[in-house]
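> Pasting a predicted model and its sequence here:
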Amino acid sequence: MYYGEDFVEEVRQRSDIVDVISSYVNLKRSGSNYVGLCPFHNEKTASFSVSPGKQMYYCFGCGAGGNVFTFLMEYENLTFVESLERLAEGAGMELPRKEDSAEERSRRNLRDSILEVNKVAANYYYAKLKSDRGKTGYEYLINRELHPDTIVKFGLGFSDKSSGELYRYMKKKGYRDEVLKETGLFTYDERRGVYDKFWNRVMFPILDRNNRVIAFGGRVMGDAKPKYLNSPETLVFDKSRNLYGLNFVHGKQESMIICEGYMDVIALHQAGFTTAVASLGTALTSQHCSLLKRYTDLVYLCYDSDGAGVKAAMRAIPMLKESGIRVKIIDMRPYKDPDEFMKGLSPEEFGERIRQAKSSFFYEVDRIKQEYDMEDPESKTRFMNEVAKKCLTFDNEIERNNYMEAFAREYGVRIEDFRKLTAYHSAQRAGINYEQRRRERTGSGQKKQEDGIARSQGIFLTYLSNQPELFEKTKQILSVDDFVDEPYHQVAEMMYKQYEDSGAVQPAVIISKFQSKEDQSTVAGLFNKEIRELSQEEEQKKALNEVIRNIKKYSLDYRSRHVTDISELQNLVEEKKKLQTLQINL
C-alpha cells in the first residue's frame, strides 16, 4: 500500500513523539528534552533522549534513533506502512484508499475476508475443545502436562471427527465458497464435494506479529498420518516468513530460542522461556533469519537431539550467521526435545543448559570431529585442516583469533602452528601471498581518515539543526556539494532546501523520507552527534571553524581527484591555499 507524502507528514504531525514514546518508556523532563532508559538495549544510566522540538529520539548509548515512525518500527517490529497505519488509527485518521487499483482493492478485500474466516474458525475450534465432543483433545493436552491457562494463552482447539462440520458452520454464517476456498481450511473435490481439511485433531492457531490468525496446525488423535498437518500457503500465510510464537515477542530481545515444533514452543513458554519460536512445517529459511534479526542478535538453537535435529542445526547455523546473528546450541541430552526435557527435569535445569550452551563454532567442530579417527595421526591432521578452513569463515580478525586460540587450548595444539595452518589455507583460497594479503587488510590508515571526515560532516549537520542561523553565516563557504559522502549529502540537500523554503529545519520530516528503520536510525544519528562541551565561546567557535575547514578540504580533495579540466583544477588549487588561512566569522 502506498501513501502520499502529505498524508505521511500529517500523521507524523498529529502523533506527538513524547506522547507515543511515553506509553512505552518512563520519560522525565530534562531541560528542553525528555530522557529515560533506552528500550533497545540494557542500561542503568539514562542515555535515551526524546526531543519534542525536533520530534525525534536518539540513544547516545546504542545509537538507536529516528522519528515517531521509527520508534514503532523498532519497538513493535513493524514495517513503515504498518507503523504509519497504527499511528493514523491512534490519531483518528481515515486511511486514504484512492491510490489503490481495482485489483489491489479486490486483493485487500480477499485478505481481510480470509483473516475474518480464520478468526471465526479459531473461536470455533476453541469452543469445540471445551465441549463434550472435544474431550479427547482436551485430555490429550492435559496429559501432555499443559496448564489450562496455557491452553487459553495459545488459543488451542479441537476439530471434530466429522469432516464437514466446520464447512457447514461457515456456510450458515454466510461465507461464500470463493472466500472459503482461499483459506486453506477446506478441500474441494469433484467426487467427494467439500470437506474440512482438519478433522479429529488438536488445533494450533498460528498468529502473525499483529495477533491475527493466519493459519493452523493440527495434531491428529490416534495413529493416522500425517501426525502433524499444516495449513497450505495462502494470501495471508507464507510459512517461510512467519514463526510460531512470534506474536508473544515484543521489542528487541537479548536472545531468542528456536525449536522445531508447536509443543516445544508451548512447553518453553509455560516454563517461562517466552522468546521461544519455531518454524512452521519447514526448515529455517533466510527470510526467517532476516525476521529474527529484527528482534535479536543472539539465537539459541534448541532442535531435537537426534540425527535430523543435528542436520537441521548444521543447516541453520550458516544462514543465521550470514544474517549477523550469533548462534549457540543447547544440549538437551538425554532428552530429545524441550517438551520432554521439561517433563523430565525442570525450568531451572533448562536455564543452566542455556548458560552452558556451546558456540556454533565448537558445535560444528564436534560434528567434524566425529568424521575422523583422532587416534590416527593422518586422520587427525585432516581434522585440523578442516577446522583451520572453518576458522576462515570469520570475517572479523579479532573474533577469528579468539576462536583459534580457544581451539588450540581445547585440543592441545601450539597456537603458532595452528595460525600457520590457517594462514596457509587462507593463501590457498585467495590465490595470493599471505603476507601481501595481511598488509592489504591492515591498510595505510585511509579508513581512519574517512571516518574522521564523516564525523565532521555529521557534527556540522547537528550544529545546523540546532542553530539554523549558521546557514547564513557559512553559505559562502559550504554548500550541499561539499557534503561528499552518503547519507550526509542526501540529508544536507534536504536540510538546505527546508531552510531555503521556511527558514527552519525539521529533522523528523527528513527522517520520514527514509523507510527502513536502519536508515532512519543512521539519519537520526546525524542530528545528534555529541559535540564537545567547551567552556569559552571562543573555543567553541574555534572547534566549529575546524569542522568546517575539514569538510571543505575533503570536498576540494575529492573534486581534485575527479576533475579533468586544467583551469578548474587550478581554481581548486587556489581554493585550497585560501582555506589554510580561512577564518569564518561565527
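That came through fine.

> Mind jotting down where the helices sit in the stretch 101-250 of the chain?
Using DSSP state H, counting those that start in this stretch, the helices assigned to the stretch 101-250 of the chain run over residues 102-130, 135-143, 148-153, 165-172, 177-180.

> and the fourth one with helix 102-130, angle?
When you say that, I think you mean helix 165-172. Note on geometry: by axes from the mean of the first three to the mean of the last three Cα atoms, to 10 degrees, helix 165-172 and helix 102-130 are set 130 degrees apart in direction.

> What is the neighbour count of D482?
Counted with other Cβ atoms under 10 Å, residues neighbouring D482 total 22. C-beta coordinates here come from the backbone N, C-alpha and C atoms, glycine included.

> again with the one 3 residues further on
Counted by other Cβ under 10 Å, the residues lying close to D485 total 14.

> Can you name the residues that contact M384?
Y411, V413, F418, L421 (Cβ atoms under 8 Å, 6 or more residues apart in numbering).

> wait, I meant Q270
Taking Cβ under 8 Å, 6+ apart, we find Q270 in contact with L146, H147, T150, M342.

> thought the last one was touching E348?
No - here M342 lies out of contact with E348, judged by Cβ atoms under 8 Å, at a distance of 10.9 Å.

> Between these two, which is the more surrounded one?
Using other Cβ under 10 Å, the more surrounded residue of M342 and E348 is M342, with 20 against 9.

> how long is stretch 352-361 from one end to the other?
Start to finish, the residues bounding stretch 352-361 are 20 Å apart (Cα to Cα, to the nearest Å).

> Could you tell me how far K552 is located from K576?
Taking Cβ to Cβ, to the nearest Å as the measure, K552 falls 9 Å from K576.

> Same question for C391.
C391 sits 47 Å away from K576, going by Cβ to Cβ.

> Among those two, which residue is more densely surrounded?
C391 (21 against 14).

> I'd assumed K328 was in a strand, is it?
Yes - using DSSP: H, G, I helix; E, B strand; the rest coil, the secondary structure at K328 is a strand.

> And for the closest residue to it other than its chain neighbours, the neighbour number?
In space, and not counting its chain neighbours, K328 is closest to A357: 3.9 Å by Cβ to Cβ, 6 or more residues apart in numbering. If you count neighbours by other Cβ under 10 Å, A357 ends up with 20.

> for A357, what are its contacts?
Taking Cβ under 8 Å, 6+ apart as the criterion, A357 is in contact with Y300, K328, I329, I330, D331.

> residues contacting the most centrally placed residue in the chain?
The chain has R294 as the residue nearest its centroid, 1.3 Å off, counting by Cα atoms, centre = their mean. Each residue near R294 by Cβ under 8 Å, 6+ apart is listed here: N77.

> separation between it and D112?
For R294, the distance to D112 equals 25 Å [Cβ to Cβ].

> Over to T70?
In terms of Cβ to Cβ, T70 sits 28 Å off from D112.

> Neighbour count for these two, which is higher?
Neighbour totals were compared for T70 and D112, and T70 leads with 29 against 12 (other Cβ under 10 Å).

> Where does the prediction get shaky in the chain?
1-2, 97-101, 429-451, 515, 529-537, 562-566, 569, 580-586 (pLDDT under 70).

> Quick one: end-to-end length of stretch 164-182, please.
Across stretch 164-182, the terminal residues are separated by 17 Å (Cα to Cα).

> Would you mark the buried spots in it?
For stretch 164-182, the neighbour count (16 or more other Cβ atoms under 10 Å) marks G164, E165, L166, Y167, M170, Y175, V179, L180, E182 as buried.

> Including distance to N402, could those residues go into CSV?
Output for these, formatted as CSV (distance: Cβ to Cβ, whole Å):
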residue, distance to N402
G164, 61
E165, 60
L166, 56
Y167, 59
M170, 58
Y175, 59
V179, 56
L180, 57
E182, 52
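
> Output the helix or strand where A308 lies as CSV, restricted to C-alpha atoms.
Using DSSP states H and E, A308 sits within helix 307-322. The C-alpha coordinates for helix 307-322 follow below in CSV (Å, rounded to 0.1, in the frame of the first residue of the first chain):
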residue,chain,number,x,y,z
GLY,A,307,20.2,-37.1,13.7
ALA,A,308,17.6,-35.0,11.9
GLY,A,309,17.9,-32.3,14.6
VAL,A,310,21.7,-32.1,14.2
LYS,A,311,21.3,-31.9,10.5
ALA,A,312,18.8,-29.1,10.8
ALA,A,313,21.1,-27.2,13.2
MET,A,314,24.1,-27.5,10.8
ARG,A,315,22.0,-26.1,8.0
ALA,A,316,20.6,-23.2,10.1
ILE,A,317,23.9,-22.1,11.6
PRO,A,318,25.5,-20.5,8.5
MET,A,319,22.2,-18.8,7.5
LEU,A,320,21.8,-17.2,10.9
LYS,A,321,25.4,-16.1,10.9
GLU,A,322,25.0,-14.7,7.4
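
> what comes up buried for it?
By 16+ other Cβ under 10 Å, the buried positions in helix 307-322 come out as G309, V310, A312, A313, M314, A316, I317, M319, L320, K321.

> chain center to it: distance?
Its chain's C-alpha centre and that of helix 307-322 lie 19 Å apart, by Cα atoms, centre = their mean, to the nearest Å.

> now swap in stretch 349-357 and tell me
On the basis of Cα atoms, centre = their mean, stretch 349-357 sits 25 Å off its chain's mean C-alpha point.

> Over to stretch 132-152?
Counting by Cα atoms, centre = their mean, stretch 132-152 comes out at 35 Å from the chain centroid.

> Any chance you could list what contacts that stretch?
For stretch 132-152, the external contacting residues (Cβ under 8 Å, 6+ apart) are 128-130, 156-158, 160, 201-202, 219, 221, 263, 266, 269-270, 339, 342-343.

> So which of those residues belong to strands?
In strands, defined here by DSSP state E, the members of the contacts of stretch 132-152 are G157, F158, R201, V202, R219.

> So which of the residues you listed wins on neighbours?
When neighbours are taken as other Cβ under 10 Å, the top entry among those is F158 (29 neighbours).

> how far away is that residue from G261?
Counting by Cβ to Cβ, the gap from F158 to G261 is 18 Å.

> Tell me which helix or strand the nearest residue to F394 once chain neighbours are set aside sits in.
Leaving aside its sequence neighbours, F394 sits nearest to R400 (Cβ to Cβ, 6+ apart; 3.8 Å). For R400, the host element (DSSP H and E) is helix 397-411.

> mind checking the end-to-end distance for stretch 152-159?
OK, stretch 152-159 end separation, Cα to Cα: 16 Å.

> Stretch 193-209 now?
End-to-end distance (Cα to Cα), stretch 193-209: 35 Å.

> Buried residues of it, list them for me.
Neighbour counts over stretch 193-209 (16+ other Cβ under 10 Å) mark 194-209 as buried.

> Check stretch 229-239 too.
Going by neighbour count (16+ other Cβ under 10 Å), the buried part of stretch 229-239 is L229, N230, S231, T234, L235, V236, F237, K239.

> between these, which is nearest V491?
Proximity to V491 was ranked across the buried residues of stretch 229-239 by Cβ to Cβ; first place goes to V236, at 37.4 Å.
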